[in-house]
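1. quick one, fold the following:
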Amino acid sequence: MKYRLAFALIALAALTRLLPHPPNFTPIAAIALFGAAYFNRQWLMLAVPFAVLFLTDLFINNVIYRELYGNQFTIITSWWIYVAFALVMLAGLGLLSNKVTGIRVFGASLSASAIFFLITNFSVWAESGMYPKTAAGLAACYTAGIPFLGNTILGDLFFSAAMFGVYEWAKRKNENMVRA
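-> Numbers count the residues shown, from 1 in each chain. A predicted model of the protein is given here:
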């Protein structure tokens, strides 16, 4: 039951990525944290969340936003997102692998938002020509990203609360059924 429910919650969360949503209000960080918390086999912890990110990216980049990439097949638009995702998993491992509590999930979700914000905005500064390669340019890039940070935080908190909450509720309900 443990893995079936975990896979089902991750699949549902992944599907929400394909629905219309506000910018940066996605389940990606929650999926990374959830995988780090509940998959005790390291290959599952890594493979499942990364597979979800990769497969949904393929669909989003090649179906939904195909015209943005000149109608060419696009595998990965930014490796930086995958780096941020891996760092979120590591944060989840450190904060959630020993014990999942509401406070820990809340802290891990906020950490995930900060990691994503710092890494992805740094990548825009480093790889685009939008900002000068100076400290002031980096500061301008981070400042321009602030309007998106609110949705990142809200999305991470919402999806983490939903995924972890449903999983813990189902786990407790199942334990009570077994004891009865």
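2. wait, residue 93 touches residue 34, no?
-> No: the criterion here is C-beta atoms under 8 Å, and residue 93 misses it with residue 34 at 11.7 Å. For every residue, glycine as well, the C-beta is placed using N, CA and C.
3. neighbour count winner among these two?
-> Of the pair residue 93 and residue 34, residue 34 is the one with more neighbours under other C-beta atoms under 10 Å, namely 30 against 18.
4. and that one, what is it in contact with?
-> 6, 9, 10, 13, 49, 92, 160, 163, 164, 167 (C-beta atoms under 8 Å, 6 or more residues apart in numbering).
5. what's the spacing between it and residue 85?
-> In this view, residue 34 and residue 85 are 13 Å apart by C-beta to C-beta, to the nearest Å.
6. same thing with residue 174?
-> Distance from residue 174 to residue 85, by C-beta to C-beta: 30 Å.
7. more neighbours, the two?
-> Using other C-beta under 10 Å as the criterion, residue 174 and residue 85 rank with residue 85 on top: 23 against 13.
8. residues in contact with the strand or helix carrying that one?
-> Assessed by DSSP states H and E, residue 85 sits inside helix 79-96. Contacts to helix 79-96, defined as C-beta under 8 Å, 6+ apart, come from residues 28-29, 32-37, 45-46, 49-50, 53, 76, 104-105, 107-108, 111-112, 115-116, 119-120, 122-123, 127.
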